[in-house]
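A.B. asks: Return atomic coordinates for the entry below.
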Amino acid sequence: KPIYQRTIIAFGGPLANFLLAILIFTFLFMVTGKDFSKPQVHSVQENSPAFDAGIKKGDIILEINNNKIQSTRKVSSFINLSSKKNIIIKIKRKNEELFFSIKPKFIEDKDSLGNKTTRKIIGVQIAPLNNKINIQKLGPSKALYYAVKETWYVITSTAEYLYFKVILKGDLSQLSGPIKIAKISGQVSELGVLPFITLMAYISIGLGFMNLLPLPVLDGGHIMMNVIEKIRGKPLSEKNTNLMFRIGLSIVLFLMIFITIQDVNDLLAN
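C.D. replies: Down below sits the predicted model:
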């Protein structure tokens, strides 16, 4: 097959993962609605990073790291998924728009399901503006728009985390394998059908993204080799192709073993 056809075929699997997530998010935004509650600082802990930076009670959070914040639920995720040393927060105070650079603290904590995790805090408690929760059920086109936007956000934040935390710093502590995913899936399923479906959307995005990594045994590796063939004007030799596949397979197997051991230790610790 021509290079472009082979590339399209290789991209088909990850694309199906992303489309499934978009479909799920669209359905959820239409059925359960999307939160558009504006986040306001309800309180600031003394001597916290936010307190030292000058954040005050009543400030309205507009942006975090140049990302517009349209929901109170997004504040925590934007802070925790940030790979930057300092978090840039844009707030509205009365009629002024101010920027603050805040270096978060890292704490060992448990998530809502009781699993150990490391998360960032800046020392603020967030509440909807004027305590008014604004959840809107969206029409098909608007729901699709926000579904694509959510999927793209997860993809880009995952790529950013992978590059800055895993590749540059070698931090594999927050990566999860099949064991931890199965554990969390079981916990979420007890909360109801909709939370479980939501989790499936995020897992689907994760699978699609990981499959696009430029490792020869993955779809991303096939795409990479197609690009190399296009640049060279001819395919790699059988010897070099086999060598690349062996290297890719070794990396994948190492990660699988390492993350599985990490998941088992985490399971036993809990």
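A.B. asks: which stretches of the stretch 51-200 of the chain form strands?
C.D. replies: Listed in chain order, the strands of the stretch 51-200 of the chain (DSSP state E, counting those that start in this stretch) span 60-64, 67-68, 87-93, 96-102, 105-110, 116-121, 124-128, 135-136.
A.B. asks: what's the closest of those strands to Asp219?
C.D. replies: strand 67-68 (28.5 Å; Cβ to Cβ). Just so you know, the C-beta spots here come from the backbone N, C-alpha and C atoms, and that holds for glycine as well.
A.B. asks: On the three-state scheme, Ser43 is what?
C.D. replies: strand (DSSP: H, G, I helix; E, B strand; the rest coil).
A.B. asks: contacting residues around it?
C.D. replies: Lys57, Val124, Gln125 (Cβ atoms under 8 Å, 6 or more residues apart in numbering).
A.B. asks: what's the closest of those to Lys85?
C.D. replies: Nearest to Lys85 out of the contacts of Ser43 is Val124 (Cβ to Cβ; 18.7 Å).
A.B. asks: doesn't Pro39 make contact with that closest one?
C.D. replies: No. Applying Cβ atoms under 8 Å as the test, Val124 and Pro39 come out as separate, 9.5 Å apart.
A.B. asks: Next, count neighbours for Ser101.
C.D. replies: When neighbours are defined as other Cβ atoms under 10 Å, Ser101 has 12 of them.
A.B. asks: Scan the contacts of Ser43 and report the most crowded one.
C.D. replies: Highest count within the contacts of Ser43 by other Cβ under 10 Å belongs to Val124, 25 neighbours.
A.B. asks: Spatially central residue for the chain, please.
C.D. replies: Residue closest to the mean C-alpha point of the chain, counted by Cα atoms, centre = their mean, is Val154 at 4.0 Å.
A.B. asks: how much space between the closest residue to that one other than its chain neighbours and Ser157?
C.D. replies: The shortest distance from Val154 to any non-neighbouring residue, by Cβ to Cβ, 6 or more residues apart in numbering, is to Ile205 (4.8 Å). Distance of Ile205 to Ser157, computed by Cβ to Cβ, to the nearest Å: 10 Å.
A.B. asks: Over to Lys120?
C.D. replies: Lys120 is 13 Å from Ser157, by Cβ to Cβ.
A.B. asks: Now do stretch 235-253, average pLDDT.
C.D. replies: Averaged over stretch 235-253, pLDDT sits at 87.
A.B. asks: quick one: pLDDT of the residue nearest to Val154?
C.D. replies: The per-residue pLDDT reported for Ile205 equals 93.
A.B. asks: How many residues are close by it?
C.D. replies: Neighbourhood size, Ile205 [other Cβ under 10 Å]: 25.
A.B. asks: Correct me if wrong: Leu65 contacts Phe78.
C.D. replies: Quick fix: residue 65 is Asn, not Leu. Yes. Using Cβ under 8 Å, Asn65 is in contact with Phe78, at 6.8 Å.
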